[in-house]
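Novice: Sequence first, predicted model second:
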Amino acid sequence: MADLAVKKPLKILFVTAELAPLVSTGGLADVAGALSKNLKQRGHDVRIAMPAYGQIPREHWGKERFPCIADLGCKTVYGAMRESRLPGSDAPLYLIEHKDYFERNYLYGDNVHEYVDNAERFCFFCLATLNGMEQSNWIPDIVHCHDWHASAIPSYLRTRYARHPDWKNVPTHFTIHNLAFQGRYKPDKFACTGFDQELFGPESFEHYGDMNLMKACIAFSTKLNTVSPRYAREIQTPEYGVALDSMLRTRKEDLTGILNGVDYSVWNPARDPHIAATYSHEELAGKAPCKAALQAEFGLPQKPDVPLIGLVSRLTWQKGFDLVAQAIPELAKLPAQFVILGTGHPEIEQRLLALAATYPDKLQVQFAFDVPKSHRLQAGCDFFLMPSRYEPCGLTQMYALAYGSVPIVRRTGGLADSVRDISTRTLANGTATGISYVPVTAAAIIKSVKEAIDLYANPECYRGVQQTGMRQDFSWDRAGDLYLEQYQAAMEAMS
């Protein structure tokens, strides 16, 4: 079906709250940017809609095209649609402008509290996008919505717009990047969504007394996917389903798991402008100066023969950083060094800062969302630790593989789908790419780090695992084919 779609280019509208390289808090932005660019390069007419955040540099705002009107039920809100281009691509980018909603200090709220009007903000974004596209006279063949911020669009199209001459037969594809974030709010927020009150029921928006935008989207979307095959199975269980597992099981025939990809034009140690020296799986000499530069940047002693283990992430419970903090006193006794880069919960940040002060020659932390620095960390580390409690896909472990930083991961979601554990069999047949474990404990992290140190002590074996990982291909061409198949199936379902 993908070949058919390539012969007949599709008009695809991406709707997303984040987009790399313009604004990002994590993997959603990377996926939206890389997948849209890949499909555009294949000849499809891909266009992207996102909010005009104040954090986006003004040179990327483009020109104002249309005024936008959104009837939210409780009030009518006016904004504007601007047209720019996705950096690094000629894909049109539509920015939905509303100063009060989107020109704030943060995208969704600070690290502790989200904005109280987030449901209203993103319902406005969705309605304004539909209104602006109508005025542009460009109606897509399919609308691809990403995460809960865009989840109102499938619901609007199947309800308010069900008889609209432009939108009535347009299918939707919804990607769940992280089921934990659902757009769930108290029921009084429903009045400012623009949906009919009759829709507030258990078949769509009502969820244990609350309003849940993602739940309704799961009911109304033509096709659904999440970002790894294993996570697609996990979220249909009570353990990982975050109270939506039964709803997802009702849509299991329309739910797929598509593993995210890597944009190798950005994440490639052979031509990365951010790192101290370039290298490849065939010629690894450049990795040593990258390690020395990273140790210097983080203020660690220059110890080339001691494994350097890195972590780049949001510093949250989901990512397992409370367990990392518990493990550090024991990890500090081992012949290894650790560097941590990220931002997150203030309590976790304070714990890590205190531990770095206690073990300054073993652990250094920097609290920042810094893309160039994350490139340098991937290039300079010998191992990359991801102790997530759950992980829909994860991208940093795939970046680590590309940069020869052997991953140490908890065996869940996309981490299990992308990292092959070291064992007697996988070492013998040359397929091992990292270390994985199952228990959600500090002890399991310590045990896995000890395994990594043992592996590092065997240079030949370590080099084999490192190079096997670097040869893995997680390009977006593979994932793009699967998305095109889903688009075609969604269009057929609506025909």
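Specialist: Here it is on my side, so go on. Numbers count the residues shown, from 1 in each chain.

Novice: drop to CA atoms for contacts and neighbour counts, all remaining ones
Specialist: Fine.

Novice: what about Ala216, distance to Ala150?
Specialist: Distance of Ala216 to Ala150, given as CA to CA, to the nearest Å: 12 Å.

Novice: So those two - more neighbours on which side?
Specialist: Using other CA atoms under 10 Å as the criterion, Ala216 and Ala150 rank with Ala150 on top: 28 against 24.

Novice: That one is in contact with Ala17, isn't it?
Specialist: Yes - taking CA atoms under 8 Å as the definition, Ala150 is a contact partner of Ala17 at 7.2 Å.

Novice: quick one, strands of the stretch 301-450 of the chain?
Specialist: Along the stretch 301-450 of the chain, counting by DSSP state E, counting those that start in this stretch, strands occupy 308-312, 337-341, 363-366, 383-386, 406-410, 435-437.

Novice: Can you pull the poorly scored residue ranges out of the stretch 51-200 of the chain?
Specialist: For the stretch 51-200 of the chain, applying pLDDT under 70 flags no range at all.

Novice: For the residue nearest to Asp361 when sequence neighbours are not counted, give me the pLDDT.
Specialist: Sequence neighbours aside, Leu300 is the residue nearest to Asp361 in space, at 5.7 Å (criterion: CA to CA, 6 or more residues apart in numbering). At Leu300, the model reports a pLDDT of 98.

Novice: My read is that Leu300 contacts Gln364, right?
Specialist: Yes - between Leu300 and Gln364 there is a contact under CA under 8 Å: 7.1 Å.

Novice: So between these two, which is more surrounded?
Specialist: Shown here are Leu300 and Gln364; by other CA under 10 Å, Gln364 has more neighbours (23 against 19).

Novice: Return the distance of that one relative to Leu259.
Specialist: Plainly put, Gln364 is 32 Å away from Leu259 if you go by CA to CA.

Novice: Then Ala489?
Specialist: 18 Å.

Novice: Can you tell me the element Ile48 falls in?
Specialist: Assigned by DSSP states H and E, Ile48 belongs to strand 45-51.

Novice: That strand: partners in the sheet, and parallel or antiparallel?
Specialist: strand 11-15 (parallel), strand 92-97 (parallel) (DSSP bridges).

Novice: residues in contact with it?
Specialist: 9-19, 36, 39-40, 91-97, 102, 125, 129 (CA atoms under 8 Å, 6 or more residues apart in numbering).

Novice: Quick check, pLDDT for the closest residue to Gly241 other than its chain neighbours.
Specialist: Closest residue in space to Gly241, ignoring its immediate chain neighbours: Ile235 at 4.1 Å, by CA to CA, 6+ apart. pLDDT for Ile235: 98.

Novice: got the contact list for Ile235?
Specialist: 179, 241-242, 244-245, 248.

Novice: Which of those residues sits closest to Ala80?
Specialist: Distance to Ala80, by CA to CA, is smallest for Leu179 among those, at 30.3 Å.

Novice: backbone phi and psi for the nearest residue to the closest one once chain neighbours are set aside, please?
Specialist: In space, and not counting its chain neighbours, Leu179 is closest to Val242: 6.9 Å by CA to CA, 6+ apart. Phi and psi for Val242, reported as degrees, to the nearest 10, are phi 50, psi 50.

Novice: for Val242, what are its contacts?
Specialist: 179-180, 235.

Novice: returning to what we had before: just the buried members of the contacts of Ile235?
Specialist: 179, 241, 244-245, 248 (16 or more other CA atoms under 10 Å).

Novice: Distance to Gly286 added to the residues you listed, as JSON lines?
Specialist: Putting those into JSON lines (distance: CA to CA, whole Å) gives the following:
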{"residue": "Leu179", "distance to Gly286": "39"}
{"residue": "Gly241", "distance to Gly286": "43"}
{"residue": "Leu244", "distance to Gly286": "47"}
{"residue": "Asp245", "distance to Gly286": "47"}
{"residue": "Leu248", "distance to Gly286": "47"}
